[in-house]
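**Student:** how would this look folded up:
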Amino acid sequence: MHYFIFIKNQLYCEDLKVYDLAKEFGTPLYVYSKKTILDHFFKIKRAFSSIKPIICYSVKANSNLSILKLLVKHGSGLDIVSGGELYRAKIIGCPPKRIVYASVGKTDEEIKDGVKYGILMFNVESLAELEKIDNIANRLRRKVDIGLRINPDIESKTHEYIVTGKKESKFGMDFHTIESVFINRVNYPNLNIVGLHIHIGSQITQAAPFIKAIKKVLNLLKKLEKKSSLKYFNIGGGLGITYDKEKPQTAKDFARRVIPLLKECGLKIILEPGRFIVGNAGILVTKVLYLKDTPKKRFIIVDAGMNDLIRPALYNAYHRIVPLCRNVKLKRKSLKPADIVGPICETSDFLGKDRFIEARENSYLAVLGCGGYGFTMSSNYNSRRRAAEVLVDGKKAYLIRKRESYKDLVDKEINLLNPR
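**Tutor:** Residues are numbered from 1 along each chain as shown. Got it, this is the predicted structure:
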């Protein structure tokens, strides 16, 4: 469920007309619904209330400070994967014991910052990283809590680029390696191994892959029963949402399937939802610049491109695209199929292909399902300025990120021919 709806053929975000937001803030424009974000967060919280998990929102999905602050204020922790995300967590005042830290490539500086801030735990992805954290903890004279990320070798039936639980992927350690770490834990005197972690992928619409992975971990726990002092089992995130015709499981259905298994382990459960919370809570609004007809194709050329939303180019991802003002009397058969394309100098610069959409120059379109992995994956390719972001709360709209200026594009560069 989300709060982007048509009222009298005008697209609204909560109580505000999106057309008015486009005119006030300009385009391209990311628009987020506060009510949708919180609704999805509390759906997860209610579904798993019987086991009272720690919910750590996955910052990489959408890292805007206002959104992080909103979720933390309502009890969420944060799942981070970089020093920059830790910095954001500090700025918005997330309690350190509600932060878990993943990533296969943590630098010395990032590890030191995490240790000094006192995060709940690092999720460790390799033996080399394990040794690195132990050495840094020793130098800092700290005892550091860590979880071991397991690669359960599970097929999660999602796009190959976001599968993270197969043995061919770079993430986590195999079961044999995990067991050997416990057997040789005396070699890591500065670490407390307090958790196990899995994350098998993203945009997973069924419970079966999660169940397979959890059962594998339960078997491992039986083997480790007398060798460990584990406190936490982090089952990651990855719950899918509806972009097109998907029929993903609800939070309630997912919880019903996995809670009986999770109760068996006797550990505190950690969840890392990201896309589930913010994915359908945001849209990308774009202005139509030109209509172009060729002997082969019709193109609707808009002012948002792959630098603003890379998912269609990168994953061939489908996003519904709708006009902000729709004409219900218009018949589909009267429209030509068109590709909605941006201004970037790449053939892969498209937002949608073969869509039957009413459009005219200077009208506006909304790309739905852009709250997660939208702005966070945007770039300045072709020296284009990144979009503004707006958060809607009922009848009010708040600018939560200014549109970049041309000066912003070059501020960090050094002109050697004319040094300042």
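**Student:** where are the low-confidence patches of this protein?
**Tutor:** For the chain, the stretches with pLDDT under 70 are 156-166, 226-227, 328, 419-420.
**Student:** Determine which residue lies closest to the centroid of it.
**Tutor:** Closest to where the C-alpha atoms of the chain average out (CA atoms, centre = their mean) is Ala61, at 1.9 Å.
**Student:** so who does that residue touch?
**Tutor:** 274-275, 277-279, 371-373, 376 (CB atoms under 8 Å, 6 or more residues apart in numbering). All C-beta atoms are positioned from the backbone trio N, CA, C, and that covers glycine.
**Student:** If any of the residues you listed are buried, give me the ChimeraX selection for them.
**Tutor:** The ChimeraX selection below is limited to those of the contacts of Ala61 classed as buried (16 or more other CB atoms under 10 Å):
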select :274,275,277,278,279,371,372,373
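**Student:** okay, among the contacts of Ala61, which ones form the most distant pair?
**Tutor:** Largest separation among the contacts of Ala61 by CB to CB: Ile277 and Thr376, giving 13.4 Å.
**Student:** Which neighbouring elements make contact with the helix ranked longest in the chain?
**Tutor:** Longest helix in the chain by number of residues (criterion: DSSP state H): helix 208-224. Packing partners of helix 208-224 (3 or more CB pairs under 8 Å, 6 or more residues apart in numbering; DSSP states H and E): helix 175-183, strand 191-197, helix 251-265.
**Student:** same thing but at 7 Å, please
**Tutor:** Secondary-structure packing of helix 208-224 (3 or more CB pairs under 7 Å, 6 or more residues apart in numbering; DSSP states H and E): helix 175-183, helix 251-265.
**Student:** What angle do helix 175-183 and that helix make with each other?
**Tutor:** On the basis of axes from the mean of the first three to the mean of the last three CA atoms, to 10 degrees, helix 208-224 is oriented at 40 degrees to helix 175-183.
**Student:** What residues of helix 208-224 count as buried?
**Tutor:** Residues 209-210, 212-214, 216-217, 220-221, 224 are the ones in helix 208-224 that count as buried (16+ other CB under 10 Å).
**Student:** Name the nearest of the residues you listed relative to Cys13.
**Tutor:** Nearest to Cys13 among these: Phe210, at 31.8 Å, using CB to CB.
**Student:** isn't that closest one right next to Val258, touching?
**Tutor:** Yes. Phe210 lies in contact with Val258 (CB atoms under 7 Å); the separation is 5.9 Å.
**Student:** What distance do you get for Arg386 to Ser405?
**Tutor:** Separation of Arg386 from Ser405 (CB to CB, to the nearest Å) stands at 10 Å.
**Student:** okay, these two: which has more neighbours?
**Tutor:** Taking other CB atoms under 10 Å, Arg386 and Ser405 do not tie; Arg386 has more neighbours (19 against 10).
**Student:** how would you label the more buried one: helix, strand or coil?
**Tutor:** Classification of Arg386 by DSSP: H, G, I helix; E, B strand; the rest coil places it in coil.
**Student:** Ile146: neighbour count?
**Tutor:** The tally of other residues near Ile146 (other CB under 10 Å) stands at 24.
**Student:** Backbone torsions only: list them for it.
**Tutor:** Torsion angles at Ile146 (phi, psi; degrees, to the nearest 10) stand at phi -140, psi 160.
**Student:** Counting by contacts, list what the longest strand anywhere in the chain packs against.
**Tutor:** Scanning the chain for the longest strand, with DSSP state E as the assignment, gives strand 282-293. Packing partners of strand 282-293 (3+ CB pairs under 7 Å, 6+ apart): helix 18-25, strand 29-33, strand 298-302, strand 364-367.
**Student:** Need the ones you listed in a markdown table (columns: mean neighbour count and distance to Glu129).
**Tutor:** Below are these laid out as a markdown table (neighbours: other CB atoms under 10 Å; distance: least, CB to CB, whole Å):
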| stretch | mean neighbour count | distance to Glu129 |
| --- | --- | --- |
| helix 18-25 | 18 | 42 |
| strand 29-33 | 27 | 34 |
| strand 298-302 | 21 | 43 |
| strand 364-367 | 24 | 38 |
